[in-house]
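Colleague: Generate coordinates for the sequence data below:
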Amino acid sequence: MYLIDRMIKHNNHHLKKMFNHLLPEYQYLDLVKDILDNGITRKTRNGFVHSKFGVQMRFDLRGNTMPILTSKKMAWKTCLRELLWFMRGHTDNRWLNKRNVHIWDANAKKNTLLKEFDLGPIYGHQWRSFNAKYDGCKDYTERDNKYDGKGVDQLQNIIDMLRNKEDRYSRRMIMSAWNPEQLDEMKLPPCHVLTQFWVNDKDELYCSLYQRSGDVGLGVPFNIASYSFLTHILAKHTGLKPGEFVHTIGDAHIYDDHVFQLSSQLKNRLYYFPTIEIMNTYDNIDEYDEKDIKILNYQYDNKEVNLNMIV
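Modeller: Okay, here's the model as predicted:
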């Protein structure tokens with residue numbers, strides 16, 4: 001691994017392993033460096049990118065560890081709010097805007113038959129009402145049961161299995177956001193498409209994400225944090241312990257416009273990951289809110305890493 005090799009003169013495998021265990025963020029930074037050095041450069045629908053195919057990172061969540069990058073300041077509250085939006089089955093961008101989240105604004109404005117704030121049957125709809133006929137977004141101002149009992153509530157099915165002492169060891173705990181029948185109704189097809197949950201013999205919850213397309217500069221750090229948040233919340237909600245988050249990316253790419261800033265980020269200081277504290281537990285997964293989540297001891301490099309979102 002390039003960055004660790006630079007620090008370890010004799011390229012000792014055991015020292016590399018130790019660095020990745022102590023500071024697992026090196027996995028992400030080494031991915032950035034590997035793509036910049038060895039990736040294929042090609043023109044895509046939204047500009048030139050440098051890509052590699054088929055990469056994986058693993059993040060230990062034990063001890064309530066929360067993998068939020070420290071080589072730059074992460075807007076982790078924005079990430080958490082988006083996750084809660086998914087978990088509640090929302091697809092209305094106004095719910096996010098009301099909470100000062102604007103990461104979906106550009107996609108929301110895409111010219112389709114849907115209203116400007118309606119993103120179509122994206123993640124939240126598929127997680128909570130898979131393949132239910134889409135008849136517009138739910139009322140974002142309150143608990144709306146518009147799609148209750150319609151389609152497949154994949155998230156609740158997984159919760160029910162995790163709570164069952166026999167079913168929690170199943171190999172079928174899958175949640176898919178990729179629905180070919182409704183892709184054309186979405187303003188953006190899902191990038192993080194499939195999640196599998198797994199419980200070991202210590203009742204530790206693992207989450208494995210397959211992401212078909214990963215914007216390594218801007219999106220992937222959010223995806224790491226988002227699915228780690230989800231794993232911690234589900235573990236707390238179902239009486240399990242957090243285990244690991246395993247992140248597999250198909251097309252891992254860096255946009256040409258991000259190269260300079262990411263090259264600078266490689267030189268930034270790293271810190272240990274912060275920890276998460278979930279203050280409350282509820283009967284209904286929809287009841288979790290931002291106020292229930294605390295992030296403790298988050299330190300980060302103060303140098304700014306400003307990346308534009310490429311739509």
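
Colleague: Can you tell me the centre-most residue of this structure?
Modeller: Note on the chain: the residue nearest the mean C-alpha position is N223, at 2.2 Å, using CA atoms, centre = their mean.

Colleague: from what I can see V55 touches I249, true?
Modeller: Yes: under the criterion of CB atoms under 8 Å, V55 makes contact with I249 at 5.1 Å. Using the backbone N, CA and C atoms, a C-beta is placed for each residue, glycine as well.

Colleague: More neighbours: which of the two?
Modeller: Neighbour count, other CB atoms under 10 Å: between V55 and I249, I249 has more, with 26 against 20.

Colleague: Tell me if that one really is in a strand.
Modeller: Yes: assessed with DSSP: H, G, I helix; E, B strand; the rest coil, I249 lies in a strand.

Colleague: pLDDT value on it, please?
Modeller: Looking at I249, its pLDDT stands at 98.

Colleague: mean confidence score for the longest helix along the chain?
Modeller: Criterion DSSP state H: the longest helix present in the chain is helix 219-238. Averaged over helix 219-238, pLDDT sits at 98.

Colleague: how about the helices of the stretch 201-311 of the chain, start to end?
Modeller: All helices of the stretch 201-311 of the chain, identified by DSSP state H, counting those that start in this stretch, fall at 219-238, 259-265.

Colleague: Burial-wise, tell me which of the ones you listed comes out on top.
Modeller: The highest average neighbour count among the helices of the stretch 201-311 of the chain, using mean count of other CB atoms under 10 Å, belongs to helix 219-238 at a mean of 23.

Colleague: elements contacting that one?
Modeller: Other elements packing on helix 219-238 under the criterion 3 or more CB pairs under 8 Å, 6 or more residues apart in numbering; DSSP states H and E are helix 25-38, strand 47-60, helix 76-87, helix 154-163, strand 192-199, strand 204-215, strand 241-255, strand 275-278.

Colleague: please redo it, this time with the cut-off set to 7 Å
Modeller: On a contact count with 3 or more CB pairs under 7 Å, 6 or more residues apart in numbering; DSSP states H and E, helix 219-238 meets helix 76-87, helix 154-163, strand 204-215, strand 241-255, strand 275-278.

Colleague: picking that back up, may I have the longest helix of the chain exported as CSV, CA atoms only?
Modeller: Written as CSV, here are the backbone C-alpha positions of helix 219-238 (Å, rounded to 0.1, in the frame of the first residue of the first chain):
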residue,chain,number,x,y,z
GLY,A,219,-19.6,10.1,-2.3
VAL,A,220,-17.6,7.1,-0.9
PRO,A,221,-16.7,8.8,2.4
PHE,A,222,-20.5,9.5,2.9
ASN,A,223,-21.3,5.9,2.0
ILE,A,224,-18.8,4.5,4.5
ALA,A,225,-20.3,6.7,7.2
SER,A,226,-24.0,6.1,6.2
TYR,A,227,-23.9,2.3,6.2
SER,A,228,-21.8,2.3,9.4
PHE,A,229,-24.5,4.5,11.0
LEU,A,230,-27.1,2.1,9.7
THR,A,231,-25.3,-0.9,11.2
HIS,A,232,-24.9,0.7,14.6
ILE,A,233,-28.6,1.7,14.7
LEU,A,234,-29.8,-1.7,13.6
ALA,A,235,-27.5,-3.4,16.2
LYS,A,236,-28.8,-1.2,18.9
HIS,A,237,-32.4,-1.6,17.8
THR,A,238,-32.3,-5.4,17.7
